[in-house]
Each structure stands twice: as structure tokens, then as C-alpha cells.
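# Need coordinates for the following:
(chains A, B and C)
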Amino acid sequence: MSYTFTILIFLIPLTVFLSLGLLNSKLKPSVAGVIGTTGLAVITILSYSTAYLYFSSTSTQEGHKSIEAFNVLWLTFTDQLQIHLGVLLDPLSVMMLVVITTVSLMVHVYSLGYMRGERGFQHYYAFLSLFTFSMLSLVVATNIFQMYIFWELVGVSSYLLIGFYYERPSAVAASKKAFIVTRFADLGFLVGILILSFNTGTFDFATLTSLTGPVITQTPGTLFLGMSVTTWAMLFIFMGGAGKSAMFPLHIWLPDAMEGPTPVSALIHAATMVVAGVYLVARLFPIYSFSSPDALEAIMYVGSFTSLFAAVIACTQLDIKRVLAYSTLSQIGYMMVALGTSGYGEYGLGYMASLFHLFTHAFFKALLFLGAGSVIHAVHTNVMTNMGGLRKYMPVTHFTFLIACLTIAGIPPFSGFFSKDEILVAAFEHNKLVFAVQWLVAGITAFYMFRLYFSIFWNHPREYDHTPHESPVTMTFPLIFLAIASVMAGFVPFHDLVTSDGRILHTEFHWIIALPSVLIALIGMGVAAILYCKQNPKPENLASRLKGIYQLTFQKFFIDEIYLFITQNIIFQFVSRPLAWFDRHVVDGSMNLVGNTTVVFSGAIKRIQSGHVQLYIWLFASGALLLTIAVLYLTK
Amino acid sequence: MTGPKIIFFILAASIVVFSLLSVLDRRILRAAIYLLFVLVALAGLFYMMNFQFLAAVQLILYAGGIVVLIIFSILLTSQINSKLDAPRKSHLLSGLITAVGGIALSLATVIPFVFKATASDAIGTDMRTIGRQLLDTGEFGYALPFEVISILLLAALVGTIFIARKSKT
Amino acid sequence: MVVLSTLVFFIGLLGVLIRRNLITMLMGIELMLNAVNINFVAFNHYLFPHRLEGHFFALIVMAIAAAEAAIAIALIINIYRKFLTVNVDDVDELKY
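Now for the predicted structure:
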């Protein structure tokens, strides 16, 4: 079975990016949009066929094997240090291909309507294609270095897209923040890669994660500060993943990234790029599971804390996109928790649950963002206190948004229920405290999501400048599609397809976990309905009574201010200034010294070129004499 | 002390003294005349060594040609009346050091050396031998330098005329 | 003889270095050339009497000296026309 056609999945968006980027304003906007969307439609079909071929071809007895469709040697430095580029097909990457292309296609179609008339329409589509290309290439990487290359490229695309409205200073600042924070995390990633590959001698995933391979079967020799080298490497690699997936304390860029256009938020910051960290841990899962279980524990705690932290902040935010951003943080926290609680093989429930949640989350979070975009497009404001009663004006958006909210709250039979439930089961089996936290977060999630829903669509109708109307078909079609996907995705037999070792995982339905989770979700919904369904003073009273806590959460726990304080007062003062002084005076100074020395020296020598013939003759004669003396007497 | 030796010493002493005077005197015409005396004494030295032809050429060429040329140029650049400037002290010092150092070096190298004379017959230095050798093309012949010298003289001639002609203004 | 030629050579060199007038410098150069001639002739006469190489070399040196003196005079005349001086300190336009 030849999978060589899969190379088209990467070449097509790359070509689209290059052509749209180069032919920028020579193309009419509609033409550019059509080109971008068509390209993406083609690769979506290709990914679906790849998935179908892949999952139906490999037998279910030994499990789904990983196939290398390509592995091309790209750079050779020495015999040991070689960098390949290739396409690796295994359940994880095929699933990611499907997810990324589907969501990207929906975003492309949606942007035809949302971004109509905007300046820079053509290069918007170029950047979208660039992002799609790099994300796709990231998930099929055969070795960790290729992954790093495309990891950085994804960061660049994100920077370009967040800062799309480059005339707004807040957008520019947000894009810089995103890039710098993720770049900082990537420093850890690179250190981790280097440690890992230095100790194992390879970049290749197949070798690194093979159970019979050298990495896992060898016990690591050296210990550093009580943890093995592998654990250190894995922690550093997780730092890179934490930056991309916005885990605490590197989460600060994600809420600000909402300055970008809403379809971008849907694509990058909800469904695809931010799950890159989860993908990374899942890709290296055998190493995490066997060689450094301490790292997995750390991942679990970080994920759990982040989900609680983000959920609490989301309860008081007023900007609808910010609420959704914190919701994303919270859900990714769920995914990390699931991975952290997972074992391998038949204990790999957490792995499967995490990826299942990734799958469903992509759809419903994209749906939520696109729905929010539809609302913003209609009423021209982001702040939910300026909205209300929109259910009369925008029925399609209303209905699909409701479906998405129910999904994220975890109400059956929507997909969110199934995936979240599996996570709760995995957490329950591993660590009861984490389970309790995640269960609580489920309730809080339901609360703030329905707070959002009720504030937008119910509550008191406001006066609008012009009557909001439903969005055009290009925007509502993706909403409907994603709503259907959110419903159907729950029924995909994930345990047959994507598991930690490729074999089928047997799961059972635990009523004892499912019932309380649905119950707390319903309680959350109910509280939100009481507070926000009708216009009433209860929220303000509550806020004024809990003033301290309210302020704390509203200001996002002042994390941004702390960061600013640290960087400006500590890092700039004590690190940057001395370094800048050093650069200016020592490095530049030595160069200037060389230059000045030459000038002074030449000033001294130039007197020889005096133009006086006698001087020349004298130099000549005395030079000849000195040479003679030297030859005769000094070289005896 | 034989006759030739006395004559040699007289000639040598006069050469040295007159050359020193030529170099140090501050009236230019006198310097030229001292140079003339040096050249004539040198011709005498050549004659003493049995190189009559060379002595004659020396007198004709140097004394009769070059010194005359020098005196002409002195007249042309109208310096007969003025006295020459004294040399600069720094130049004097450095020149002296170089000259004395050079003398010391050369003499220190040459005097200890024992020159071996070959014990063969002397060749004649009459015009016939000289002429034959001058135009000989075999071994020890000097036809080639002869021709080259003639070309050199031609070039010098043309060059001199070209350099020194009046510009076309 | 060799002593003599050495002395005259370095006296000539001294003259070239000390004198400020171009013509007197030329005279010093002539002195140097003549010293060299003495050297050649001396070596020929006392060490290699069966050959005439020193003799001929001295002859050729004389011819060259003549040609060079002629050109030097032509140059001096030209310089005099341009700078109206034959002081060597004033002819220093080829400087930095």
C-alpha cells in the first residue's frame, strides 16, 4: 500500500502559500479566497482517504503500525548527526491530519464571509495556508528535529496571523508576546531535544519510542540532582509543549492572542496549534511512560492546576473571546491531566481519553469561536454586557452555539460527554485528588459557558445600532457542519483507532463516574441560568460581596503584571543593561581599538612617504647595510 | 717604497681628498671642479694599471663629457652666484652614520680576506686585443653587451631630448 | 685599492645624502659609479690578469653612467622649469 500521495497534503498548502504570497495584490480577493479554500478542500479529501486507507488496512490484531511514507535525508553533518525529513503515518498523526484539515477547511470557508472587505485578504489566506502546511508537517514528523523546525514555523504563522491587524498597537503587542513566550519555551524544548538526542544518539521517533529500542530498555546511567538524564530531557521538552499549549505559567500569551481575527483564533488557538503540546507528549509517550514517570506526574499536576486556574478566571471575564480563550486553557489542562494519569498498553486509558478529547475539543471549540465570530460580526462588539437577546435575530448561530455549549459542559449524548468522561475515569483510577479537581472544573466549565450563552442570547435585549442579522451562508455553513461533527464525534470508536500502543483498548462505561459529572454540569448550568437568564441585579450583588476575589479573578490574578514587573525591573536592570554595556564598550570597543590603532600607526608611518628623494635613498642605503649586517653576522 | 707605489698613494690620497671636498664644499662650481680633479686622478690610476684604453675613455667621457654637462646645467639653472645651503643636521648625522657604518662593514669584511692571485700569464691590453674581444661572439666575447649598450644610448638620447624640450605653450 | 674604492663609494653616498642641490647629488652619484669602476679594474688587474672582464665591465659601466647623467640633467632642467628651484626639499609633491 503506497502512501506516497500523502506528500501532496503538504505540498498543496505550501504552493498555495507561495503563490498567494507572491501574487498578493495582483489577485482579486475573491480569487485568492477560492484558491485557498479549494486547496484546502483537496487536502481534506486526501487526509480523509489517508485515514480511511490507514485504518482499514492495518489489521486490528497486532494493532496499527506506524508507517513511514517518506524519510528523506536532508542534512548531514557527521555520521551520527543527520537530519531527515519525512512523513510518518500512525494513528496519532493520521487523526491529527483529519482534525487539522477539517477545522482548517471550515475556517477557510468561514473567512470568505467574515473577512470580506478587509484589507489584506489575499495575504490572510496565504498565512492560513502557511499555518496549515506547517501544522500538518509538524504532526507527521518522523524525527524530533523536523518537528522542531515546523514547531517554530507554526509559531511564526501564529505571530503573522495574530498581528494581522497590524495597525492596532494592541495586536502588535499581542503577537510579539505570543512569539516571545513560545520562543522562550522553545528554548527549553531545544535543550530537551539536545539532551535527549545526545544521550540516545538519534533524533528519529521510531528509534526513540520503540519498546525494544535502546532508549527504553536501557536504564539511564547518569543522575543529575536526583533525576535521570532522560527525565530532565523530558521535562525540558515538556516546557516547550507547555509554552505552545499555554500551561501555567506560560499561559499569558493566549488570552492576548485573541487580538487576531476570530477565524484565526478558531483555527490556531483553539483547535490546532495549542494542542501541539499535547501532541508532543503523546508522540513521545513511551519514553515518558517507561523512562520518566516523574515527568508524567509533573505534567498531570501542571495540567490540573492550569485547568482550575483558567476556569476560575473565565468566570469573571467580559470579553467573549477571552472567556473562550480561558476555556481553551482549561480544556487543554484536561488533556494534559489525562496524559499524565495514563499508563501504557492496556493501562493506556488516559492516553486514549486525552486524544479523544483533543479530537472532540477541536470541533466544538472551533464551533464556539466561529459562533462568537458570527455574533461579533453582527453586533460589532466583543463585550458580553453589550449584548443580549440575540436568539431572535440569529437563529442558526444560536442553535449551533447552544449545541457547542452543551458539548463542552459534558451533557450526553454530545461528544464532550464521552471524551470528558473517559478523562475523569482515567483520573479517578490514578489520583483521587486530581479527579476531584477535574470534576469540580467540569462544573465550573458548565457555569461560565452558560453564563456566556445566556448573556449573549437571552438576558435583556439591548439597543443595537442596526438590527443584527444572521450571518451569510459562508459563515453559517461551517457552523452547521461543526455542530454535526460535535454531535457525531462522540460516537467514533476511538478505542479501536488511537491508543498508546496501537492495539484496541477495552473500555467500559462507568456509571459511577458519569452520573456525578453530568450532575455537576447541570448544577453549573442551573446557577448560570438563575444569574444570567433574565436581567437582574444578582450578579452585581454577588460581585460586590466577593469583591476581593472578584477583583483577583477579573485581573487574571495579576499574572501579567507580575511578569511585567519581573522583566522590567529585574531582567532589564540586572541582565540586559550589563550585557548591553558589555556589548557597547567591550565588544565594540575592541573593534574600535583595532581601527584606531591602525589609524594611529598609519599616521606614524605615513611620514616615510614624504616625497623627499634623499629620505628614500637614505632608507634604501641603510636598509641594505642592515640587511648585509644581518645576513653576515646574525646567521652565522 | 717603489715608484709605482708612491704614485699610487699620491693618486689615491688626492682622489679621497678631492672627493671629500667635492661633497662638502658650498660653492657649486668648486664642487664640480673638484669632481673633475677626482676623475682625472682616476684616469691616472687606470693608466698606471696598464689599462690605457680605459683611461682614455674615462678622460673623454667623464671629464670631457659629463663634467661639462654638469657645468652647463649649473649655468642653465643659474646658481653660479648663490651659495648652497648647508646640509640639515639630521641629514648630516644620519648620512654620517650610514657612511661610516658602511665603510666599517666593508672594510671589516674585505681586509681579513686573503685574495689569491692566479699564476697565469697576463693578457695584453693593447687595442687589438680589446677590439677583438669587444666584437667577439664566442666565449668571452662582448658583442651582445656592445649592441645592448648602443640601444641604451639611443634610448637615452631620445629620452633626453623628449624630457628637456620646451613645452608647446 | 679596494680600500680606496670603498672610501670613495661611501663618500659619494654621503654626498648624495647630505647635499640639497640636485646637481650636487648627481655629482655624488658619479663618484659612486667611479668607485665601482676602480673596484672592477683593481680586481681585474691584480687577481685575474689573464682576462679582461673587469675592464669591459668598467667600460660598460662608464657608458651607462654617461647615459644616466644625460637623462639626469634633462630631468633637472625640466624640474627647474616647473618649480624654478633645484633644491631637493622643494620637489616633494609625491607625498601623502
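# SS state for residue A:373?
Secondary structure, DSSP: H, G, I helix; E, B strand; the rest coil: residue A:373 is helix.
# remind me, longest helix of chain C?
As assigned by DSSP state H, the longest helix anywhere in chain C is helix C:53-83.
# wait, does it contact chain A?
No. Residues of helix C:53-83 are not located near chain A by Cβ under 8 Å from any Cβ of the partner chain, the shortest gap being 10.9 Å. Where C-beta positions appear, they are placed from N, C-alpha and C, glycine not excepted.
# Relative to the whole chain's centre, how far out is that helix?
8 Å (Cα atoms, centre = their mean, to the nearest Å).
# what number of residues lie near residue A:595?
By other Cβ atoms under 10 Å in any protein chain shown, 10 other residues sit near residue A:595.
# Can you tell me how far it is from residue B:136?
64 Å (Cβ to Cβ, to the nearest Å).
# one step back: I'd like to know which elements the longest helix of chain C is packed against.
If you count contacts as 3 or more Cβ pairs under 8 Å, 6 or more residues apart in numbering or on different chains; DSSP states H and E, helix C:53-83 packs onto helix B:52-57, helix B:67-76, helix B:127-134, helix B:143-164, helix C:22-47.
# how much does it deviate in direction from helix B:127-134?
70 degrees (axes from the mean of the first three to the mean of the last three Cα atoms, to 10 degrees).
# Give me the angle between helix C:53-83 and helix B:67-76.
Using the same axes, to 10 degrees: helix C:53-83 against helix B:67-76 is 10 degrees.
# Could you say which of the helices and strands packed on helix C:53-83 is packed most deeply?
Burial of the helices and strands packed on helix C:53-83 is given as mean neighbour count (mean count of other Cβ atoms under 10 Å in any protein chain shown); helix C:22-47 ranks first at a mean of 22.
# so what secondary structure elements neighbour it?
Using 3+ Cβ pairs under 8 Å, 6+ apart: helix C:22-47 touches helix B:3-24, helix B:28-48, helix B:67-76, helix C:2-18, helix C:53-83.
# about what we covered before: compute the inter-axis angle for the longest helix of chain C and helix B:28-48.
Using the same axes, to 10 degrees: helix C:53-83 against helix B:28-48 is 170 degrees.
# residues near residue B:32, how many?
Residues lying near residue B:32 (other Cβ under 10 Å) number 20.
# To clarify, my last question referred to residue A:569.
Neighbours of residue A:569 using other Cβ under 10 Å come to 10.
# Return the backbone torsion pair for it.
The phi/psi pair for residue A:569 (degrees, to the nearest 10) reads phi -90, psi -30.
# residue ranges with poor pLDDT in chain A?
The model of chain A has pLDDT under 70 over residues A:1, A:58-64, A:212-226, A:463, A:502-503, A:636.
# what does it put close to chain B?
Counting by Cβ under 8 Å from any Cβ, chain A comes close to chain B at A:614, A:618, A:621, A:622, A:625, A:628, A:629, A:632.
# how's chain B carved up into domains?
Annotated domains of chain B cover B:1-110, B:124-169 [automatic domain parsing].
# I'd like the distance from the first one to the chain centre, please.
Taking Cα atoms, centre = their mean, one finds the center of domain B:1-110 at 8 Å from the center of the full chain.
# Could you pull up the residues touching residue A:479?
A:110, A:367, A:370, A:371, A:374, A:396, A:397, A:400 (Cβ atoms under 8 Å, 6 or more residues apart in numbering or on different chains).
# hmm, I was thinking of residue A:260
Counting by Cβ under 8 Å, 6+ apart, residue A:260 touches A:161, A:162, A:163, A:164, A:165, A:171, A:174, A:175, A:268, A:269.
# again, only using 10 Å
Going by Cβ atoms under 10 Å, 6 or more residues apart in numbering or on different chains, residue A:260 touches A:158-165, A:171, A:174-175, A:178, A:267-269, A:321.
# Strands of the stretch 101-250 of chain A, start to end?
For the stretch 101-250 of chain A, the strands defined by DSSP state E, counting those that start in this stretch cover A:223-224, A:227-228.
# Remind me what the last one packs against, helices and strands.
With contacts taken as 3 or more Cβ pairs under 10 Å, 6 or more residues apart in numbering or on different chains; DSSP states H and E, strand A:227-228 sits against helix A:229-244, helix A:293-314.
# Might you list the low-confidence residue ranges for chain C?
C:96.
# what residue lies at the spatial centre of chain B?
In chain B, the C-alpha closest to the average C-alpha coordinate belongs to residue B:39, at a distance of 6.3 Å (Cα atoms, centre = their mean).
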